[in-house]
Structure formats: structure tokens, C-alpha cells
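Undergrad: A structural model of the following input is requested.
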Amino acid sequence: MLPEPTLAPILEAHLPIVKQPKPPLMSFGRYIWLDPPHTPGPSLIAKPRCHVWNIILHGTWALEDEGDIRDYGNAVHEAYFNWFVKMNKDKYDKIESEPHYVLAPLTAVPDIAYCKGNECGVIEVKSYSTDKLDKAMPQLALYAYIMRRVGVNVTQAYLVLRNAVLPYNIQFLYREGEQAFKTLRTWVREPPKKPYASCHKCPYALVCRIPKPTLIDNGTPQSQCRNPISISVRRKGGERGPHSDRNPPPPKTPLPRGFCPLPVPGRGIRCAWVNKLNLIQVLLVLALACGGKKGLGGQASTPPPRHSYILPPSPNRWGFLGGVFFPAWVVLNLG
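TA: Predicted structure coming up:
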């Protein structure tokens, strides 16, 4: 039987924490690039789905203030492992720091793994308190699930926090880890269709390519736009073209008045309040309203000289027509 380890919360262990700042790979203003892309791990379960996809593609990014938090967490992990070895080295045959267990598409790297005979235990160390327990427990459950799936007989699991040490039942962790593994595997395999976190303070703002909602998006499907972007496919005879017998052109369903498709880079087709016909109408009506060098309503742009008895000029027919048709066009098109 695997003996229970000697554990203590981080505050009670009196750890000699020495931070070793790790310089970032690159920095762009307030954004820093910490790690290159690597194999995803269970720690991603505590992050938004859009962050998971960006971490897989672009590595670990953070804001300039978050680098110190990362260095502090690494220092806590190293100091607690040294303390654990000192307190429990006579109880176990093997004590490892951050061993790797691979169950595609994830790689589990627990903070501490200890074994005696054919039984093992796993410990996850977090530098925060119990108020963030909902972020740490799914990660520990994934460690227990992956280790059991790859053949490690895990019988003990502990979560060490800043102010508490929490033991967990292995069967409970296995069930929770199985659900978390399926969820995270779906996140890794399928890209998100929208952001799942605020983009204003996101550390991946420089590299994120997830489609964002726009003001010109009216929700019209691409197939209903009048001129969707054609995708070049192979025709029946071997030549390439926008459409073929198996890929007929989409029906030209008329859109509501005032809408037309506009291609937006990286976001497909959107429909906006712009139309060639409406644009021509606007230019024509403005030209009529201006009436050449005359003002609206036919009045002269410069008043006659003082003490002049010259009769006022004749009404400008173009200015009069513009003054009549411009309000009518506004009522018909925007009303």
C-alpha cells in the first residue's frame, strides 16, 4: 500500500522562494511572447476556448504585468518540490518533478509524481488560494485520467494550494477527467467560431485570427448574398472554374434594399449599407441640391452689393429640384 505523503500548504511550509526571471522571446509594446507553440496540456482546461486555440498556434503570450506572476509560480513549484523531497525521500522509491505522460492530443506534466512498488501518487501545486479551486481541480482530474490511461496505477492525488492541502478520490477524479479530456480534445481539434473572452485586454490581440463580430454584419448567410466570392473547383472536363455541374452557382436571392456583399479580409462576406445604385443617387441628389455655384433654393451665393437696386436673381431650377427631391429621397430610402 502506498504510504501517505507529508504535505503542508505553501504558507506553512516556509519555502525559500527565489524568483529567476525568464526573459521573453520577444516583446511588442505591452505584449510579450513567452513560449513558442508546443503540445497542448491539461492546464488549458482553465482557459477560454479562444485562448486554447491561440496557444496551440502561436505559443504563450501575456501582457507585460503577467510575466512576474509566471516567474513567481515557477519559483514556488521548484521550492515546494525540494521541500517535498526533503520530507518524503525515505517513503518512496521514486520522486519525479514534472514527468511527461502523453495521451494524444494532450501531454500531462504534473508538478510532482511519487511511486512505491506498482502504486503512484500525483500532486499539483498552485500558488493561489482556494478561491480559485474551480480552475485547479479539472487540471488535477486530467492528470489522474491521463496517467491511468497510459498504464500508471494512480492511487493518490493531492492539490496543494497557498492556504490548504486537499486530497481527492481517484475514482471521482477519473470520471471528471474523462469529461474534461473530451471537452479539451474538441477544443484542440475544432477552431472556435467566435471569441469566448473579452478582446480588449487579451494578450493574444496581436496574433489572434478568430473572426470577430463587426458592426457591418447583419447576419445574412453568405449563400444569400447576390455576388458571393467564387471558389475555384475542377469542372467535369478537367478545367478549373468557379462553378461546375456538381457545384452549381447559388441562387440570386434578392437582399433587402440597401444591402450588398462586401468581402472583409479574414471574415468572409458581410453585408453593409452601401449600394452602387444608392451611391449614384446620393451623388446625383447632392449635385442637384448644390445647384452649381448657387445655394439651395436658388439664392445667390454672394449677396448683391449694398445700396444696389438690382433685382434678385431668377430662381435656380436645379437648386429648386434638389431642394424638393433630396428630402423625398431621404424619406423613401431611410424612412
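
Undergrad: Please make it C-alpha for all contacts and neighbour counts, starting now.
TA: Fine.

Undergrad: Can you check what pLDDT the model gives the residue lying closest to residue 207 once chain neighbours are set aside?
TA: Excluding its sequence neighbours, the residue lying closest to residue 207 (Cα to Cα, 6 or more residues apart in numbering) is residue 58, at 7.2 Å. Note for residue 58: predicted pLDDT of 90.

Undergrad: And for the one 3 residues further on?
TA: Here, the pLDDT recorded for residue 61 equals 90.

Undergrad: which is the next helix or strand following the longest helix anywhere in the chain?
TA: What stands out as the longest helix in the chain, according to DSSP state H, is helix 66-88. For helix 66-88, the following helix or strand on the C-terminal side (DSSP states H and E) is strand 94-97.

Undergrad: Average pLDDT for that next one, rounded please.
TA: 94.

Undergrad: List the buried residues of it.
TA: Using 16 or more other Cα atoms under 10 Å as the test for burial, strand 94-97 gives 95, 97.

Undergrad: any low-confidence regions in the stretch 201-335 of the chain?
TA: 213-335 (pLDDT under 70).

Undergrad: Verify the stated contact: residue 120 with residue 158.
TA: No - applying Cα atoms under 8 Å, one finds residue 120 not in contact with residue 158, separated by 11.8 Å.

Undergrad: Show me what the nearest residue to residue 97 once chain neighbours are set aside bridges to in the sheet.
TA: Here the nearest residue to residue 97 in space, its sequence neighbours aside, is residue 112; by Cα to Cα, 6+ apart that works out to 4.9 Å. Under DSSP bridges, the beta-bridge partners of residue 112 are residue 97, residue 123.

Undergrad: Can you read off the pLDDT for residue 112?
TA: Model confidence at residue 112, given as pLDDT, is 95.

Undergrad: for it, what are its contacts?
TA: 81, 95-99, 122-124 (Cα atoms under 8 Å, 6 or more residues apart in numbering).

Undergrad: can you list those residues in CSV and add distance to residue 18?
TA: Supplementary listing: the contacts of residue 112 in CSV, determined by distance: Cα to Cα, whole Å:
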residue, distance to residue 18
81, 13
95, 22
96, 21
97, 18
98, 19
99, 22
122, 24
123, 21
124, 20
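
Undergrad: what's the closest of the residues you listed to residue 54?
TA: Nearest to residue 54, judged by Cα to Cα, of the contacts of residue 112 is residue 98 at 23.7 Å.

Undergrad: Would you mind listing the residues in contact with that closest one?
TA: 109-113.

Undergrad: for stretch 76-94, which positions count as buried?
TA: So, applying 16+ other Cα under 10 Å, buried residues of stretch 76-94: 76-81, 83-85, 88, 91-92.

Undergrad: same question, stretch 6-22
TA: So, applying 16+ other Cα under 10 Å, buried residues of stretch 6-22: 7-10, 15, 19.

Undergrad: Looking at those residues, spot the one nearest residue 191.
TA: Closest to residue 191, out of all of the buried residues of stretch 6-22 and judged by Cα to Cα, is residue 19, at 35.8 Å.

Undergrad: ok, the closest residue in space to residue 5 that isn't next to it in sequence to residue 36 distance?
TA: Distances taken as Cα to Cα, 6+ apart place residue 88 nearest to residue 5, at 6.4 Å, with adjacent residues excluded. For residue 88, the distance to residue 36 (Cα to Cα, to the nearest Å) stands at 35 Å.

Undergrad: same thing with residue 173?
TA: Taking Cα to Cα, one finds residue 173 at 30 Å from residue 36.

Undergrad: ok, residues contacting stretch 140-149?
TA: Counting by Cα under 8 Å, 6+ apart, 42, 101-103, 108-110, 122-124, 153-154, 157, 159, 170, 173-178, 180-181 sit against stretch 140-149.

Undergrad: And the strands in the stretch 51-200 of the chain, which stretches?
TA: Ranges of strands within the stretch 51-200 of the chain are 60-63, 94-97, 101-103, 106-108, 112-116, 119-125, 154-160, 165-167, based on DSSP state E, counting those that start in this stretch.

Undergrad: which stretches of the stretch 1-150 of the chain aren't confidently modelled?
TA: 67.

Undergrad: so what's residue 153 up against?
TA: So residue 153 contacts 118-120, 147 (Cα under 8 Å, 6+ apart).

Undergrad: Now do the helices in the stretch 101-250 of the chain.
TA: 133-149, 170-189 (DSSP state H, counting those that start in this stretch).

Undergrad: for the first one, which positions count as buried?
TA: Put plainly, it is helix 133-149. 136-148.

Undergrad: Please produce CSV containing the strands of the stretch 51-200 of the chain, extended by distance to residue 191.
TA: Output for the strands of the stretch 51-200 of the chain, formatted as CSV (distance: least, Cα to Cα, whole Å):
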stretch, distance to residue 191
strand 60-63, 17
strand 94-97, 32
strand 101-103, 20
strand 106-108, 16
strand 112-116, 32
strand 119-125, 29
strand 154-160, 31
strand 165-167, 35
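
Undergrad: who touches residue 181 in this structure?
TA: Shown in contact with residue 181 (Cα under 8 Å, 6+ apart): residue 142.

Undergrad: I'd like the distance from it to residue 42, if you could.
TA: 8 Å.
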